[in-house]
Each structure stands twice: as C-alpha cells, then as structure tokens.
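Give me a model of this one.
(chains A, B, C and D)
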Number of protein chains: 4
Amino acid sequence: MSYANQLLPREKVFRDPVHNYIYVRHQVILDLINTPEFQRLRRIKQLGTSSFTFHGAEHSRFTHSLGVYEIARRICNNFQRNFPSKTPGDGLWDDSERIVALCAALLHDIGHGAYSHTFEHIFHTDHEAITRKIITNPSTQVNKVLLQVSDDFPQKVASVIDKSYPNKQVVQMISSQCDADRMDYLLRDSYSTGTSYGNFDLTRILRIMRPYENGICFDMNGMHTIEDYIIGRMQMYLQVYFHPVSRSMEVILNHLLLRAKDLYRANQLEPELMPYLLIPFFNQEFSLSDYLELDDGVLNTYFIHWKKSNDPILSDLAHRFIDRRPFKSAKYDKEDLSTINKMKKLVAGCGYDTKYYTGIDNSFNLPYDSYDTKKEIHDGQIKLINPDGSFVGLSDVSDLVRVVTNKIVSENRFFFPRELIKSDEINLFSPMVEEFRKHIKNDHIINE
Amino acid sequence: MSYANQLLPREKVFRDPVHNYIYVRHQVILDLINTPEFQRLRRIKQLGTSSFTFHGAEHSRFTHSLGVYEIARRICNNFQRNFPSKTPGDGLWDDSERIVALCAALLHDIGHGAYSHTFEHIFHTDHEAITRKIITNPSTQVNKVLLQVSDDFPQKVASVIDKSYPNKQVVQMISSQCDADRMDYLLRDSYSTGTSYGNFDLTRILRIMRPYENGICFDMNGMHTIEDYIIGRMQMYLQVYFHPVSRSMEVILNHLLLRAKDLYRANQLEPELMPYLLIPFFNQEFSLSDYLELDDGVLNTYFIHWKKSNDPILSDLAHRFIDRRPFKSAKYDKEDLSTINKMKKLVAGCGYDTKYYTGIDNSFNLPYDSYDTKKEIHDGQIKLINPDGSFVGLSDVSDLVRVVTNKIVSENRFFFPRELIKSDEINLFSPMVEEFRKHIKNDHIINE
Amino acid sequence: MSYANQLLPREKVFRDPVHNYIYVRHQVILDLINTPEFQRLRRIKQLGTSSFTFHGAEHSRFTHSLGVYEIARRICNNFQRNFPSKTPGDGLWDDSERIVALCAALLHDIGHGAYSHTFEHIFHTDHEAITRKIITNPSTQVNKVLLQVSDDFPQKVASVIDKSYPNKQVVQMISSQCDADRMDYLLRDSYSTGTSYGNFDLTRILRIMRPYENGICFDMNGMHTIEDYIIGRMQMYLQVYFHPVSRSMEVILNHLLLRAKDLYRANQLEPELMPYLLIPFFNQEFSLSDYLELDDGVLNTYFIHWKKSNDPILSDLAHRFIDRRPFKSAKYDKEDLSTINKMKKLVAGCGYDTKYYTGIDNSFNLPYDSYDTKKEIHDGQIKLINPDGSFVGLSDVSDLVRVVTNKIVSENRFFFPRELIKSDEINLFSPMVEEFRKHIKNDHIINE
Amino acid sequence: MSYANQLLPREKVFRDPVHNYIYVRHQVILDLINTPEFQRLRRIKQLGTSSFTFHGAEHSRFTHSLGVYEIARRICNNFQRNFPSKTPGDGLWDDSERIVALCAALLHDIGHGAYSHTFEHIFHTDHEAITRKIITNPSTQVNKVLLQVSDDFPQKVASVIDKSYPNKQVVQMISSQCDADRMDYLLRDSYSTGTSYGNFDLTRILRIMRPYENGICFDMNGMHTIEDYIIGRMQMYLQVYFHPVSRSMEVILNHLLLRAKDLYRANQLEPELMPYLLIPFFNQEFSLSDYLELDDGVLNTYFIHWKKSNDPILSDLAHRFIDRRPFKSAKYDKEDLSTINKMKKLVAGCGYDTKYYTGIDNSFNLPYDSYDTKKEIHDGQIKLINPDGSFVGLSDVSDLVRVVTNKIVSENRFFFPRELIKSDEINLFSPMVEEFRKHIKNDHIINE
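Predicted coordinates:
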C-alpha cells in the first residue's frame, strides 16, 4: 500500500474538549503531527492577546489545527457516504482527494508565529508565505513527510492553502465563508472564552454541505442554520475578537517590540538583555529555522528580561504587557482626527513619548479580522442549492445575512495610558489631564 | 468603609469555561488579581506535562485559581444563607471570615512555578514555602495589597493555606478531602482534557456542605454524591494524572534540567546558551524575585536555546522535550529491580548514558499526587452528619470509598528511550536490543 | 410571620434538566405547586402537536411553569442585590413585590388546556379567561392558597398576568418581549427538541436586566446579547414552532374534534364511544371544574375510542391523529386561492369530504404565535438604557432586530391527505390525482 | 434490492436531546416506526411514576426506543469498520446481522404497557410475552412490516429479544450487562431527571467494545470506563429508580387498580365510570388489540373519572394518584415485620382499610429493577479481553465493581398515609397516631 493510503494498525484518537474525539487513521497525518514544526504550535496561543480579556482563551494553534483536521475529516466522510463521484467530472466527491484535503486542513496555520499580527507588522514577516515555505522547503520535517507521499505532494498541499489547487471542493473545505477552519475556531473560541455566541449546529451544517462542480454549496432547506452560523460569527467578532482590552494589549505589544528594535538599531540594548533568538529579525535577515524557534514563551521571556532594562520606556512597556496593564481607549470617527492630535499633545505634555504611549487602530487591524476580510473578498458568498439544482447566493435570500455582512465595519479607537483618566493615579500635570478628560464621553472622543 | 469590605462600584465578572461566570465584588480581590505575582500564573500551565498527552489541557494556574476563588465564594454564600452564626462559638458560619477565605482561595497556588515538581526536585525549591513568602514578604505586591486590610492579614491568609488558622471551616474550605481547590481542578481538568471522569454534581455538593464547630461536614443524605466525587477523583488520577506518557515527559524534563545543571557546574555550558534567569538556581542562591521571573515559557525558551548545544546529551534531551519525543516505559514490581539493573546495562551497552536516558518513578512522584497524598494523611476523612447531629466517617459507611481509598496505589514504571523497542529505528546493537525487549511483556517488566 | 413571607423549614429543590435546580423557599409556592389545578399541568404537553415532529418535545406545562418561576426568582434576586429601592417611587426594585411576582410566574399558564389552541377554536374556550378564573374563583385550591396571603391577593396575581397590575416591573418580568416565560420556553423547547437555535446566554441577560420606573430595561452594553436572544427566538419559530408537520397534525386534530361535535349534535355518536368528560363542551355549557378534568390523555383516550366508530370519517381521522398520519401541505399566496378551490374540487372528486380532509392555515394560527403576536403589539419594544440614563428602543439601534421583527411573517399552507401525492397509495381516481399534483411544485401551489 | 437492504432515497434524521441526531437509512426501520404499535409508545412514559419525583422525567418509551436503535446502529458501524468478519466463524462481525439487530433494538420494548409493572401485577399480563406476540402475530402492522423481509424474520427478531438467537453478538448488543438498551436509558434518564449520575463516556465505551465468538467483550485498557458506567448505573438505581416517593406512588396506583377491580367484580362500579378499555382486563379475557389500546393517558382518564365515584376508597385513591398525594414510608428489616403488623392495626384503628392504605415493597419490586435483576442473573458478567486474547471477568479485576454488585440490595419499605405523621392534618384518633409515630425514627421502623 502506498504511504498516502497507509493506515495505522489501529485508529488513534485524541481527546478534545470541543469535538470529544479526533480520529486519526492515516500514518501520514500522525507523522505530520509529530514534526517539530507542528509541535511548535503547542507553544503559540490561538487567540494571542485575547486571553488577557477572556482568561479561558488559552488554547493553542496546535489544538485548533487538530480540530480543523477533524472537521475536514468529517466533511470527507459525509461527502464520500452521500455524494461519491461515479465518473470523473460529475461534480461529486472524489475520495482520492481526501488525503490532500486532510493534510492541508492540518497544516493551514503551520506558518503562524507568536503574536502573529503584531510581529508581522514590526518585522515584515508573512505567515502565509511561511506556511508555504514550511510545506515546500526541503529543510523541514513537514516537507520530508509530505514527500513520502509523492514528489509533487508538498506543492499540492500548499496550493490548497493558497487556493490555486484545481479542485475547488478541496479548497473551499479549508478556506471559504463556511470552512473547516472557521467552524473550528468559532466553536473552540466560544467554548474556551466561556461565551456562547460562536456556538452553532455543526452536525447540521455538515449534513447540508454538498460538493458541486465549482466547490461546496449548501441545501436550501438548511438556510436558517447557515444564518445562525453567520450571526454567531458576527457576535464573536463584536464581543470577543474586537474587544478593546485585547486590542489595547496588542498596541502595547506593538510599541514594545518597536522600542526594542529602535534600541537595538541604536546599539542601546543592554548585552545581557539581548534577545538571542530575535536578533535575526532585528537585522531583517532571518531564515526559516530562525522563525521556527520563536513562540509566545520566547517573546515573553525576552519581555521579562526587558523589565530590567535601564531604558525606562522599554522596561515600562514590558511591565505593562507582562503584568497586564492595558491602555485605555475611546472610539473615534474620521472627523475626530484633529481632536486626537490635540489629545496627543496633552499626553506628551504629561511626559509620555506619544510614539510609544498612544496608538490608533481600527478593529480590522486585529489578526483575526485582517485575515478574514481578505477571505471575504476573495471567496465570494455562500451558495445555496435549490431542489431543482439551481443556485442562489445566501445574501440574496437572507435579509439577516445582508445586514450582518454590512455590519462588520471597522471601529476606530485611540489608545492612551490608563493613568490619564483614573484620577487617583496621576496628579502632577492636572490641568492637562483635566483637559484631556474633557475630550472623552461615553467611550467616545468628542470635540468638546 | 474598611478596605476589607470595600465593594466595587459594580460587581465585575470573568467569563469562565467551567463556571460560566466568576463574580468579584471586593476591591481587595480585584487588586490581588492585578498583582504581577498573580498575573504570572497565566504563564504556568496547571497540568504541566499532561498537555503532551491531552492536548486540550492548556489551562493555566491563573484560570484554576480564579475557579477556586469562585467555588469558595459560593460556599460562603451558601453558608451565610443557610447556616449563619448567631452567637460566637455556635459552630455556624461567621461571615466576617469570608474575606480571609476568599483571599486564601485565590492565592493558594501563588507559589507554584514552572513544572513545579521537577523543578523542585532539581533545584530544591518548595512551592509551599514560596507561597507563604509571596504572601508575607514586604517585597511583593500581593503583600502590599493584603496589608491594606490589616497588619496581620497577610499572616492570616498564609495560615489558612498552611492550615494553622484557628477557624477550621475556613481551612477546610481551601484544603481538605473535598475542598474548593480539588473541586475546581477536577471539573476543569476533566473539561479541558475532553474526558468526563472528573465531572461531578458541584451544585449538589455545595448544597450538602455544612459548617460545624470543627470544620466542614456533609449531610448524610448526600452520601452518594460524595461517593460520586471521590470515584471521579480516582478516575482522574488513574486515567489522566498518572498517564505514562505525561510521566515520561516529566522524566525527560528532569534529566534535561539535571544535565544543564551538571554542565553549568562543570563550566561546560556555552555562554550564548546561558539561561540568564536560571543561573541563581544553578548557583543555589536565588531570591524570591528570581523565582518570580520564571514560568513555562522561560524554561521552554532555554530548552529551545539548548537544542543548539554542542553537548549531545543536552541538545538531544532538549529536542525530546520540545518536540515531544516521549520515553517508553513498562510497569515493574519491587522484585523486578534486579531485572531493571540488567536492562539498564543493556541500555548503556546501546550507547546511552543511563543517568540521563533511563528513569524510574512511581505515580506518586507526579506533582499532583505527592501534594495530594500529603493532604490525605493530614486531613483525615470526610465527615457525614446524621439528622440527629451525630457524625460518621465517609469510609465507615461507604464500601465504595473504602475500596477507592485503598486503590490509589503507587504504580512503578521504568523509562527508557523509545528506540529500544521500536524495531525500525535502531539496529546497530541488535543483540542487546533484542535481549532488552525480552524483558517486557504486556507493558510489564518480566524476569524472562 | 405572615403566610406570604413564611419560609420552608429548609429550602426545597426540584432537579431540572434546563435550570439544574429550581429553588423553593416560600410555603405559598410549595402549596400552589401541590394544588390539583397545578398538578393537572403535568398531563398537558407544552408543545402540543410539535412532539409529532420533534419526538423529544415531551415536556409538560408543569415543567415549563416551574422554569418560569425559577427565572422570575433569579430576576428578583438580581434586582434585590443590585437595584434595591431605597425610597418609594425611586424606580428601583421593591422586594415586597417578590411574592406576587413569583406566584404570577408560576401560575401564568394555569388555564391552559389540552391542545389549547384547537380546543379553543372548536369549543370557544379562552385559556386567559380561565387562568383568571382559576386564580380568583373560590372553588379552586389555587384560590384558597392565595387567599391565605390576603383577601385581595388572588386579584393581584391575576392582574399581573392580565397586565393591569400597577407595578410594571412585575408585569414585564412575566410578560414582555424578553420575560421569564419566553426565556424559559426558548431554552426548554430548544433543549428538548434537540435543536440549539433557542439557546441564548440566560445568565448574561439576567445581568443586564434592570428595573426602572416604567418597567424593565437592559444595559446598552448588553445589546448584542439581546440581539442573540431575539434571533434565537425567530429561529425557533421558523424551524420548530411553525413546522409544517406539526401544523398538519393540528389541522387533523381540529377536523377530528369538529367531526365529533357534528356527530354529537346530530345524535349520531355511538353511546359506548361517548366522551364522558367532553359532553359539557359539546353542549357549550361547561363549568370550570369540567374544564379542569381535561388533559391530553383524556382527549387521546376518546380518540382511541373513536377509532372504533362506525362513522368512517371520525374513525379515519382518529386513526390519522393517534397513529400519526400527517396530511401533506404546500405553501400558497393570496392570489392562489382560486387554485386551491380547484384543488379542493379534485380532492372531493377523489371521494374525500373536503370539510374534514382539507384545510388552510397560516403559521400565526399556531398556539404559540397567536399568543405571541398579541404580546408584541401590546408590549412595545425592548428598551435599552445608556450610561447617562437615557433610553433607546432596541430596534432603533439594531439593524438585525429590525430585520427579524419584519421577518416573522405568516406562511400560508394548504393541507390535504398524503395519499394524493404519494403515487403508490391511491390509483382509483388517477386522472384527478394527476391533475391535483400538477398544482404543486417545490412545496408551493402553482397556477399550472 | 431486497426489502431488508432497501435504503431510503435520502438518509432521514430525528433530532434527539441525548444523541443529537438519530440516523435512519433503512426503509424497514422507518416503516416499523410508523406502525400504530410503535407510535403507541409515544403515549407511555419511560419512567412511569418517577416523574412524580423528578418532574423532568417525562420522556416516552418511543423516545427511548429510538435511542436504543441509534446506539445499536453505532455499535454495528464500529464493528463493521474495525472488526469485519472475513470468514464465517472467525468470531468477528458479520454485517448481514445488522438489520435483525437494528429491528430488535427498536422493538425490544414494544410490548410495554402503561405503568407496566403494576399493571402486570394486577392483571397478570407479561410485557415480554406481549413483545413477542406483537412481533410474531399476523394481526399487527409490526409483523406485516417484518414479514416483508422474509417469512422467518419476525421470529428471528423475537428470538434476539428473548436471547435464543444463535448469534450472541446480536443478543448481547441488545441485552446484556452493558447493552444498547441500558446505555440509552442511563443517559436519557440522567439527562431528563436533571441529575448527572447516569452520565458515562458513551463514545469511549463504543470504542472499546469488541465482538468475539461468544458475544461482546471489552478491551482491558478501557476497564476504568466500564467501571465508571457500572457505578453510574448503581447511582441511578439508588438515587432515581428506587426513590421512595416514586415507589409510594406505585403503591397507590396498585391499590387503586385493585380497588377498581374488586368493585367491578362485585358489580359496584358505577356504569358512567366504567373504564371501557379496561373491562377485558377486569374479566381476565383480553386480546392483543385490547392491550394495544391502553396507554398512560387512558388509565389516567379512568382515574379522573373515578375521582367522582361514590366509593370513598376508589375516589380517594384516584385523587391521591392524580393530584399527587404520595404515601409516606419508612425502611424496615425482616425482624420488624411484627412491628409492622402492630402499626397496621393502628392504621386500621384510625379508620383506614389497610388493604388499600398500607403497603410493603422492596426496591426490587420496581419495574426497572425486577427486569434488570433477571438480566443480571442470566447474562453473566462483563468480559474483558487482554492484549494476548485471553479473557477475564470484570469483577475479577475490579474491586469497585465487586462492591457495587453486592451493593444493589433490596431496600424494604412500609407505606402508609401521610396524615399519620403530619401532625396538623389528623387529630381525631390522636392516641393511636401518637403510638404509630413512636415506631418510626430516622426514616426507619423501630421496635420502640
């Protein structure tokens, strides 16, 4: 039997809080799980700074990746049981695609690093490019495992993830409006944060999913189940992913890494606080193996080191991040930008370097969303299939979905040190502080 | 109003996957949560190496500590509603004890460090002593917060945790056969590992719990609910906490730290791989603040560094730990020790330094259990109260509990590199390997 | 202590699949539960014919009524803890209203009878008037219990239910867009049908609920939680309450009772099949005690008797109902009415009496909805309160809710015997059958 | 394709609160579900009088039967996937047995009637014999459906249920210590009563279940999971099935039916209260179709009629049952029988006919247990299989199970009217009442 189809002597299971059991039957899947590149995902939190807001959100990308694999496996099972292809090109499911689908599902996030989004912003890395590299570069164990299937298999898996793979059923199973990736993260994030918004009826969605010639569609009679899923997703964005406290910690993280880089480049970082594994990134000359040595703990370790720095900004920001001292924030609209400039001056007047102590972002700057928004645009909308085989777009028949689609809009926030609005903590510069405070009402910047 | 009784302007909640909501009304509790010492617990996994076996077991001691607080809070509410003391010494609940109970519940694990058990073994630290120190030493933020309540309050909180506090109701709420600590960890570990063994009826246990003059007892009519809890606990030990793979990773961790220490002492650790924050421990001269800088991520970061060491043992063990390459193991009885010696020689013959590549442990060596066993001995058994006010010991009326109590016995295992029994991975020394393998049958060491 | 405030020697609990525990502390509540009128609710299914579609929907109005009581109790607790009135008229919660609120919550459905909606339609009963009567009429045990509180207490409880009670907080707790009644039935129906649509975050809704001078409002920052609840409610209507098969069984039930009444009035009902307890209703002269003897089982028993009737229509309809042989149906629009008339003629041509074998209804004819729709109109919309104390209507700020509110529209269906479209079951009149079938496409009536 | 293997055009699902989805693919299964005999099970509660204690226990035998079918289906799937027979007699699973297994699972309870146990006791019916008759007698729809599979198929299905079927894997799947029947009822009863004792890890049990030549065994490494199941079962017996209040309602039911029968035989039952459908049973000459017309609602309807009887005992007992007025009870040991006789005389002295107003039973008299106990004896114990293929009995290796097996012992109770121990309700005969009360202490009969 070929390696691609080689089954384990006995099916292996992983107990999982969300899916109860994750079933592994293929040797190649087990071998991929056992690579150092995949094990590394254990040390990277799925939700990054969100756990500062929702303490239960401690699950890793390892755990999520297993979950995506499991959902993809169930989709394959369902397709194979109910919609098996009989002749090539009949638009039904060809089960020889299963192994490439499962590998892509498992590996779709393999290139993610610690605090991906901010890290990418500061160091100009790109987790999608790195995912591709980990899969196709001969230096990795992942690549070695995949090569055992066939010479072109790594390339195939990578092309599923970057959506250039010809079979759109496989592509959309991993990456579309309603794919294994999103379904797992909604359930898992919902579960671990202790909220219930992201909960939806997974079993029923799997039942109404169908392959067709150009991808995956859904039975019209399951329309309300999809609506439920879409609304659940929106709720997770609004209530969890876009939470101002998480975003504020992200701003601090960004400024902390920026300060360290600035100091390093100015040769002002103390030798004993030198972040051994980050140096290639400071120098903008990093290899894949440099990247693969990083994880949340590594970055946090350096931040702990930096709390001892003589540079007051570096040590203060490290303290704010490690010991969870979020910035405060207020919403603003475009027309408030001049007010923000005024406010920045007041912050400066209170002695803060505004480059490191203020920030603006909109909710789309969060890792989750930027990723997502891109998908929305490229993927087009969910297709429903009528009993007579004709298709309609979900938002053409669902008023709710239309509303939701328009609703996930960017929310802009201006971030600043908490001391500026907590009266008992600062008083030296009180007239400026008082003026600063006048510009905020009901969580919003105002023009007096 | 005194700081002890100062309530937040509005009750604060933390969403939690196990308890749904955790309610905080006291300023002192919120202030404790915000100390760096408590925030540090976010970076220490509750179950240490267990997540190598149960991937979902990624929750931190921070999360668990909040849960213990919440259960203690519910116990206080229940006691106050149903058994409020009317006159001092009537054996009922005096709600002025609430705040010391809640603080002790929250802080009971504050002294835990990264991979506590192994770390203690190698570096001779003691998390119980450190807990006491964090609470009572003026250098910590925790101490500063507690001092605001009163001068002797830190000492009081510490004495609840070390069980010398005079009010035994408070002591047993935090630390006894059926306390807030154990109830939270069983539920939480059960939940996150995706197993269901540790599940029990928390609400009903809280209902049958009663204060009496010497501590906490349980209504006789809830006897079966307690049985259920005790059996659930046993199942968690047998199926989760004592899992051979987790124990094997613990053995590797132990040997890895030992090797690093040995190299450091021999001046053979490469300077660029020097574990900045561990040095005080290598030198056996560490301060409390040295201890508080450590966490899982810090240790893992050094292990990642050490994968590059020129010392083949250090780099290999670091690789085995970081990339999850567990040792294999087999059970043994006392009379098998000579066989184990024979086997060790065979391992040595295959080129392994047996000091670093073999190990024996019994299940009680695991962090969870050693802690627990001590408790069992000191705490005495669970007391049931009859309708007429007389008491009986749980194991005097429950055959099941008697069996269970005897059942949690030590299981001895001998650990060795996996290559020795996986035929395709080693063949140079095949005769020795073959002989080695003859000594293992059905997961047990045999004397041929 | 007055009877109103008389507490049980020990709090009593009822285990519940939805709320886990239901807590009863007041003697009056326990006494009400033990009245024959309340016990009767055990024998009446909450969802009537829905259990023919969702087999798990077997819970009774007894169970639901306990649940409504429990939610009301939690609301009172929350109001009392967080918003206690200090001076009369301050718009906060006056806990002396608790007992009337709890009694009204428990008794709000006490007047419901077997298959309420259809029964009312045929026999011109009115469950709301009967609820009032049971509470205020001296012949009932419920009234006797309530009178022990005070002479005007029965009247007070009744006025809460009919919304004329002056304290609008109490009224809206029991009956408004987001009240204890709806919250319990959504959770419970969702749970028992095995669907998840009606699930929402009860704990969080309770947290954001606030009393104000004119009733109950919700914190603005919980807006999305309310949205989630509203959408869940809509989903339950669309997917559960309006299910065509349940509605079809309701049509059969209607025609069966109608046929029995027609036969009785024509003196053609066999004496040995005489429905002893229904006769007062056939004669349109029934007393309260006649009404209280009816339940689902009583009606079903007569239907079982009637299966043996010599009247072919009565026995056939009884068989269709008891043995679950639903009619089929198709949607229609207003302009299809002439087509329906044509179709009816074809049904008649096939030998069916169309009075008993066809039917039209719209989804609002279902018990659940008619009840509900009335509420929507009278209750006005959900109010949100801003941090500064100003109010906004939910649908003024939520696009989703606006869509949903418009979305619950009536769906019209035409019902007819299944044989007409299942080809293998009828063939005598095939040309008519064939023509009949041409008028249906994709679950819709068409004009050829 | 033969009818036995005829699949539905599209897999049908039933939403279920316990199993989420129940999947039906075979036409024969759907046809069986649609028979009047099976639909009748909707009108019979699974737990009879238990819902008087646990109000949520309202589920029917219909619902349970679907659940047993679903578990059997999953077992078959698992066996077919992992242990398919290759050559006849190899002790593995022959999937051509699937259809007889599924039919037997679905129909195993088809002969149950309303309040089975008590009914059988009074009217000498036997639900097991009736099950056999419904399956094999040509008068039923069930038989007609089964005959379409083959002439001997009804007989085969019946023999699975009575355990004479040659393939012991099929027999034990439906009826053994750990079978589809028990697994469903534990989960479902646990769920609906709102207790958690009967919860166990169904998925894992299914994973460790294996066919072998003489039936079904379990992997040794799943021993603790089986323990957990066995202990959960015991807890359900102790806490739910044997609950004294449910047993007390069963005693009242027994006496009520007995009184009606006695009156009927003495020609003293009023004509207008004549229980039309019970007469054949009073006369001890009933047919299968007489039996199939009965259900819970039919009996309750007659009880409601009887509340109006002029016979004070009949109307009083009917009231006690319908309006839930349970007898009180106390435990007794064998040596207390003479005390009980004394107590009975006191009850008589208070004016009660002791034939109808007192009762003794032991817990094994409950429907659940008698059924079960028989099974225990015939089925032998659970077999575990070692890696080397050898077997051990579960109670040979599990101390817990040994204890549990001995623990389910009979508990004897003496039942009597509540008035005798509630002081405010009776006082006419106070000296006798006072003496009566002296014989009860701590829920136990005492000899003064």
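
any low-confidence regions in the stretch 301-448 of chain A?
Counting by pLDDT under 70, the ranges of the stretch 301-448 of chain A that qualify are A:363-380, A:406-410, A:423-429, A:448.

so who does A:V240 touch?
A:50, A:53-54, A:189-190, A:193, A:195, A:197-198 (CB atoms under 8 Å, 6 or more residues apart in numbering or on different chains). The way it works is simple: take the backbone N, C-alpha and C, and place the C-beta from them, glycine included.

Which secondary structure state does it sit in?
helix (DSSP: H, G, I helix; E, B strand; the rest coil).

picking that back up, keep only those of the contacts of A:V240 that are in helices.
Among the contacts of A:V240, the members found in helices (DSSP state H) are A:189-190, A:193.

now those as CSV including distance to chain C?
Shown next, in CSV, are these (distance: CB to the nearest CB, whole Å):
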residue, distance to chain C
A:D189, 15
A:S190, 11
A:T193, 12
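
tally of neighbours for A:D443?
13 (other CB atoms under 10 Å in any protein chain shown).

With pLDDT and neighbour count as extra columns, can I get the contacts of A:V240 in a markdown table?
Shown next, in a markdown table, are these (pLDDT from 0 to 100; neighbours: other CB atoms under 10 Å in any protein chain shown):
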| residue | pLDDT | neighbour count |
| --- | --- | --- |
| A:S50 | 94 | 27 |
| A:T53 | 96 | 21 |
| A:F54 | 96 | 23 |
| A:D189 | 95 | 25 |
| A:S190 | 93 | 22 |
| A:T193 | 93 | 28 |
| A:T195 | 86 | 23 |
| A:Y197 | 78 | 26 |
| A:G198 | 77 | 25 |
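
Smallest distance to chain D belongs to which residue of the stretch 101-250 of chain A?
When scored by CB to the nearest CB, the stretch 101-250 of chain A has A:T203 as its residue closest to chain D, at 5.8 Å.

One more: the stretch 251-400 of chain A?
For the stretch 251-400 of chain A, CB to the nearest CB, closest residue to chain D: A:P387, 11.3 Å.

Grab the CA positions of the top strand by length along chain A and hand them over as CSV.
Of all the elements of type strand in chain A, the one with the most residues (DSSP state E) is strand A:7-16. The C-alpha coordinates for strand A:7-16 follow below in CSV (Å, rounded to 0.1, in the frame of the first residue of the first chain):
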residue,chain,number,x,y,z
LEU,A,7,-3.5,3.2,7.7
LEU,A,8,-2.3,2.9,11.3
PRO,A,9,-2.5,-0.6,12.8
ARG,A,10,-5.2,0.8,15.0
GLU,A,11,-7.1,4.0,14.7
LYS,A,12,-5.7,6.6,17.1
VAL,A,13,-7.8,9.1,18.9
PHE,A,14,-7.0,12.5,20.6
ARG,A,15,-9.5,13.5,23.3
ASP,A,16,-10.7,17.0,22.6
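
now the contacts of A:V240 in JSON lines, with distance to chain D?
As requested, these are exported to JSON lines (distance: CB to the nearest CB, whole Å):
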{"residue": "A:S50", "distance to chain D": "29"}
{"residue": "A:T53", "distance to chain D": "31"}
{"residue": "A:F54", "distance to chain D": "26"}
{"residue": "A:D189", "distance to chain D": "21"}
{"residue": "A:S190", "distance to chain D": "17"}
{"residue": "A:T193", "distance to chain D": "23"}
{"residue": "A:T195", "distance to chain D": "21"}
{"residue": "A:Y197", "distance to chain D": "20"}
{"residue": "A:G198", "distance to chain D": "18"}
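
ok, back up a step: nearest spatial neighbour of the residue of the stretch 251-400 of chain A closest to chain D, chain-adjacent residues omitted?
C:N442 (5.9 Å; CB to CB, 6 or more residues apart in numbering or on different chains).

hang on, the earlier thing: give me the neighbour count for the residue of the stretch 101-250 of chain A closest to chain D.
By other CB under 10 Å, 14 other residues sit near A:T203.

go on, A:H64?
As a burial measure, A:H64 scores 24 neighbours (other CB under 10 Å).

starting at the chain centroid, how far to stretch A:77-93?
Taking CA atoms, centre = their mean, to the nearest Å, one finds the center of stretch A:77-93 at 32 Å from the center of the full chain.

should've said stretch A:270-286
Distance, stretch centre to chain centre, for stretch A:270-286: 25 Å (CA atoms, centre = their mean).

Could you pull out the buried residues of it?
A:273, A:275-278, A:280-282, A:286 (16 or more other CB atoms under 10 Å in any protein chain shown).

end-to-end on it?
Using CA to CA, to the nearest Å, the end-to-end distance of stretch A:270-286 comes out at 21 Å.

could you give the mean pLDDT of that stretch?
Across stretch A:270-286, the average pLDDT comes to 92.

quick one: contacts for A:R418?
Neighbour list for A:R418: A:325-328, A:425 [criterion: CB under 8 Å, 6+ apart].

Show the buried residues in those.
Buried among the contacts of A:R418 (16+ other CB under 10 Å): A:325-328.

quick one: contacts for the closest residue to A:E37 other than its chain neighbours?
Closest residue to A:E37 in three dimensions, ignoring its sequence neighbours and counting by CB to CB, 6+ apart: A:V142, at 4.9 Å. Counting by CB under 8 Å, 6+ apart, A:V142 touches A:32, A:35, A:37-38, A:107, A:110, A:134-135.

how near is A:V142 to chain C?
According to CB to the nearest CB, to the nearest Å, A:V142 stands 37 Å off from chain C.

what's the pLDDT at that residue?
98.

State the distance from it to A:I134.
Separation of A:V142 from A:I134 (CB to CB, to the nearest Å): 5 Å.

Find residues that contact each of those two.
The contact sets of A:V142 and A:I134 overlap at A:37, A:107, A:110 (CB under 8 Å, 6+ apart).

The last one - how many residues pack around it?
Summarising burial for A:I110: neighbours were counted as other CB under 10 Å, giving 26.

which outside residues touch stretch A:248-262?
By CB under 8 Å, 6+ apart, stretch A:248-262 touches A:48-49, A:52-53, A:115, A:117-119, A:121-123, A:269, A:275, A:278, A:282, A:302-303, A:306, A:311, A:313-314, A:317-318, A:320-321, A:324-329, A:355-357, A:359, A:361, A:365-366, A:415.

Show me those residues that map onto helices.
Those of these lying in helices (DSSP H): A:117-119, A:121-123, A:282, A:302-303, A:306, A:313-314, A:317-318, A:320-321, A:355-357.

Which residues does A:S60 form beta bridges with?
Counting by DSSP bridges, A:S60 forms beta bridges with A:K45.

That one: neighbour count?
22.

Isn't it up against B:E58?
Yes: the pair A:S60 / B:E58 is scored as a contact, 5.8 Å apart, by CB atoms under 8 Å.

how about the residue nearest to A:P387, what does it touch?
C:N442 is in contact with A:386-388, counting by CB under 8 Å, 6+ apart.

Now restrict these to buried residues only.
Among the contacts of C:N442, none counts as buried (16+ other CB under 10 Å).

tell me which of the residues you listed is nearest to B:Q239?
Minimum distance to B:Q239 across these is 48.4 Å, recorded for A:P387 (CB to CB).

I'm done for today, thanks for sticking with me.
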